[in-house]
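Asker: Curious how this folds, go ahead:
(4 chains)
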Number of protein chains: 2
Amino acid sequence: MGAEVPTGSLSASQLYAALKRDLIGGRFATGQKLAITALKQHYRVGLSPLREALNRLAAYGLLEQESQRGFRVPALKRTELDDIADLRQRFEGQALEQALEAGGDEWEAGLLAAFHRLKRADEVSGQLDHWEQMHLQFHRHLLEPCGSPWLLRFIEQLHDQFDRYRRMAPANDAVRTMLNDQHGQLVDLAMARDIAAARGLLEEHIRLSYEVAQGACQENRRSGGSNEGESEREGGSVPGA
Amino acid sequence: MGAEVPTGSLSASQLYAALKRDLIGGRFATGQKLAITALKQHYRVGLSPLREALNRLAAYGLLEQESQRGFRVPALKRTELDDIADLRQRFEGQALEQALEAGGDEWEAGLLAAFHRLKRADEVSGQLDHWEQMHLQFHRHLLEPCGSPWLLRFIEQLHDQFDRYRRMAPANDAVRTMLNDQHGQLVDLAMARDIAAARGLLEEHIRLSYEVAQGACQENRRSGGSNEGESEREGGSVPGA
DNA sequence: ATGATATAAAAAATCGATTTTTACTATGGC
DNA sequence: GCCATAGTAAAAATCGATTTTTTATATCAT
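Answerer: I've put the predicted structure just below:
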């Protein structure tokens, strides 16, 4: 069994984070019903905190809850990915414009730092989860001063949903290099406060990611494990039964 | 104690709905910590389903959860209302345009029916909760064919948040009449597929509602109970302790 | 008299067991 | 031979009690 939970039992928020990470990371078979007993043993927690975490994740949209029939991992649907990508372009484009108008010196400094960490994480292969974390933090920091907490909340939610698709899709090193280059260009345009160009590039960035993510929908690939060819994560997929 | 839960114990989804309704309806003191034991007795449910419902509501944004310190009703903040109203204008404006392009005959029929129910509910005073339900359903139906489930989800979430403010604000019959008139005008413009005018009116509708809702923020009014002068709901506010 | 620490009371979170509901299977009827 | 129904097994949901954490109070030292 996976070694994602090495030490003693987790706190409630740690459990939520671990479950969220594993759901977005594609370690559960999509469309499959979750086996509560197996999860309980895997994460070494009791029933109550587990069910509370699952309820929160269901409200967040990373799980589906059927009345008396437990929890289910939502299937990956092409139409839903289209919806998510489209909204990401609009929401993040809008947020970026506002962020470029509001961001100050401290934000610029933090953006450079976040970009640096992202580059470093990219150089060190076999640290998939760490790169994902830095990548999320970079995009989050980029939009942070936009001034709309609710918009940022929705953007984060869509980003998480989008990543379910992207991380299930087969890797494409050529496109990945392009996407990484765009991060640097985004920093440059943001520092130059070129609002129109920056928004255009961010939308193109999302469009390109969308093309990659589409690979997750094509032949209804089931079973968890987006980590073929990766060596960082020793634990396999979480058993469903 | 309130008679909101007349018969035997509620199912999990009913409990969630009842809590959500009472939170949006302003029956809890804002900023106040929830007393789990009191809630348990009031809704006649056990601890587990109650906690699961509270967790879902916290993920939805109608409650705040502090680590080991229970659940708290979020305070009403002027800046947050501004944020919510601004996003509502943008999201619902966008959704309306798409809905007017996509909605078919069946949708038109349903819209007329929803509007009729809303008018009827308005005529019968002392049915506050029923009017609120019809009002929500009208706005939901108006935007439903927009083609973006995630956008509709966010719109609904913002609408619920907005209503926390609106229902806490003092009533204003003159403005209320204007708002009701706008519903009819919205139907007319929607049927005529006048996209620009309809979007403009919907944004104005939200702006006017926003002016009403601002009344909830002015002097940090605490304590639940937005139903002064209403006789429909016999149960008072839910006790916090 | 004020501040800090220890103690006690209250509340939240978790656990183990029970109850209820669902899904599967086998048997009987058509 | 196929469909329907009853019975059994498995899983989910709920309950009551225990454990842990927090908060308020009182006492002691400075």
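
Asker: near DNA strand D, which residues of chain A?
Answerer: A:33-37, A:47-48, A:51, A:65-71, A:241 (CB under 7 Å from any atom of the strand). Every residue, glycine included, has its C-beta placed from N, CA and C.

Asker: Show only the entries of those residues found in strands.
Answerer: A:65, A:71 (DSSP state E).

Asker: so how many other residues sit close to A:Asn55?
Answerer: Number of residues near A:Asn55 (other CB atoms under 10 Å in any protein chain shown) recorded here: 25.

Asker: Could you list which residues are in contact with it?
Answerer: A:65, B:52-53, B:55-56, B:59 (CB atoms under 8 Å, 6 or more residues apart in numbering or on different chains).

Asker: can you tell me how far it sits from DNA strand C?
Answerer: 12 Å (CB to the nearest atom of the strand, to the nearest Å).

Asker: again, but for A:Glu52
Answerer: 6 Å.

Asker: Double-check that residue against B:Pro49; I have them as touching.
Answerer: No - the pair A:Glu52 / B:Pro49 is not scored as a contact, 11.0 Å apart, by CB atoms under 8 Å.

Asker: which residues touch the strand or helix carrying A:Ser209?
Answerer: Following DSSP states H and E, the helix or strand that holds A:Ser209 is helix A:195-213. The contact list for helix A:195-213, computed with CB under 8 Å, 6+ apart, reads A:81, A:85, A:88-89, A:92-93, A:96-97, A:100-101, A:162, A:165-166, A:169, A:172, A:175-176, A:178-179, A:182-183, A:185-186, A:189-190.

Asker: repeat that for 6 Å
Answerer: Helix A:195-213 is contacted by residues A:85, A:88-89, A:92-93, A:96-97, A:100, A:165-166, A:169, A:172, A:175, A:179, A:182, A:185-186, A:189-190 when judged by CB atoms under 6 Å, 6 or more residues apart in numbering or on different chains.

Asker: Run through the helices of chain A in chain order.
Answerer: A:12-24, A:36-43, A:47-60, A:78-102, A:105-123, A:128-143, A:149-168, A:173-191, A:195-213 (DSSP state H).

Asker: Could you tell me the least trusted of the ones you listed?
Answerer: Comparing mean pLDDT across the helices of chain A, the weakest is helix A:36-43, with a mean of 87.

Asker: and the angle from it to helix A:12-24?
Answerer: Relative orientation of helix A:36-43 and helix A:12-24, computed by axes from the mean of the first three to the mean of the last three CA atoms, to 10 degrees: 110 degrees.

Asker: Is it correct that A:Ala114 is in contact with A:His141?
Answerer: Yes - the criterion here is CB atoms under 6 Å, and A:Ala114 meets it with A:His141 at 4.6 Å.

Asker: Please tell me how far the closest residue to chain B within chain A sits from B:Ala99.
Answerer: Chain A approaches chain B most closely through A:Ala59 (3.6 Å), counting by CB to the nearest CB. A:Ala59 is 26 Å from B:Ala99, where distance means CB to CB, to the nearest Å.

Asker: May I have the helix holding A:Ser209 exported as CSV, CA atoms only?
Answerer: The C-alpha trace of helix A:195-213 is given here as CSV (Å, rounded to 0.1, in the frame of the first residue of the first chain):
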residue,chain,number,x,y,z
ILE,A,195,-2.2,44.5,-19.5
ALA,A,196,-3.4,43.5,-22.9
ALA,A,197,-0.4,41.4,-23.8
ALA,A,198,-0.4,39.7,-20.5
ARG,A,199,-4.0,38.8,-20.6
GLY,A,200,-3.6,37.5,-24.1
LEU,A,201,-0.7,35.4,-23.1
LEU,A,202,-2.5,34.0,-20.0
GLU,A,203,-5.4,33.0,-22.1
GLU,A,204,-3.1,31.4,-24.6
HIS,A,205,-1.4,29.6,-21.7
ILE,A,206,-4.8,28.2,-20.6
ARG,A,207,-5.7,27.2,-24.2
LEU,A,208,-2.4,25.3,-24.5
SER,A,209,-2.9,23.6,-21.2
TYR,A,210,-6.4,22.7,-22.4
GLU,A,211,-5.1,20.9,-25.4
VAL,A,212,-2.9,18.8,-23.1
ALA,A,213,-5.7,18.1,-20.7
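
Asker: picking that back up, of A:Ala59 and B:Ala99, who's got more company?
Answerer: Using other CB under 10 Å as the criterion, A:Ala59 and B:Ala99 rank with B:Ala99 on top: 24 against 20.

Asker: Okay, the residue nearest to the more buried one when sequence neighbours are not counted and A:Tyr210: tell me how far apart.
Answerer: Nearest non-adjacent residue to B:Ala99, counting by CB to CB, 6 or more residues apart in numbering or on different chains: B:Cys146, 4.3 Å away. Distance, B:Cys146 to A:Tyr210, using CB to CB: 20 Å.

Asker: How many residues are close by the closest residue to A:Gly215 other than its chain neighbours?
Answerer: Closest residue to A:Gly215 apart from its sequence neighbours, by CB to CB, 6+ apart: A:Ala169 at 3.5 Å. For A:Ala169, the neighbour count with other CB under 10 Å is 22.

Asker: repeat for A:Arg56
Answerer: If you count neighbours by other CB under 10 Å, A:Arg56 ends up with 24.

Asker: who's in contact with the closest residue to it other than its chain neighbours?
Answerer: Closest residue in space to A:Arg56, ignoring its immediate chain neighbours: B:Ala59 at 4.2 Å, by CB to CB, 6+ apart. Neighbouring residues of B:Ala59 by CB under 6 Å, 6+ apart: A:56, A:59-60.

Asker: Show me what from chain A comes close to DNA strand C.
Answerer: So far as CB under 7 Å from any atom of the strand goes, chain A lies against DNA strand C at A:9, A:11-12, A:45-49, A:52, A:67-69.

Asker: Run through these and flag the ones next to chain B.
Answerer: Taking CB under 6 Å from any CB of the partner chain as the test, chain B is in contact with A:Glu52 out of these.
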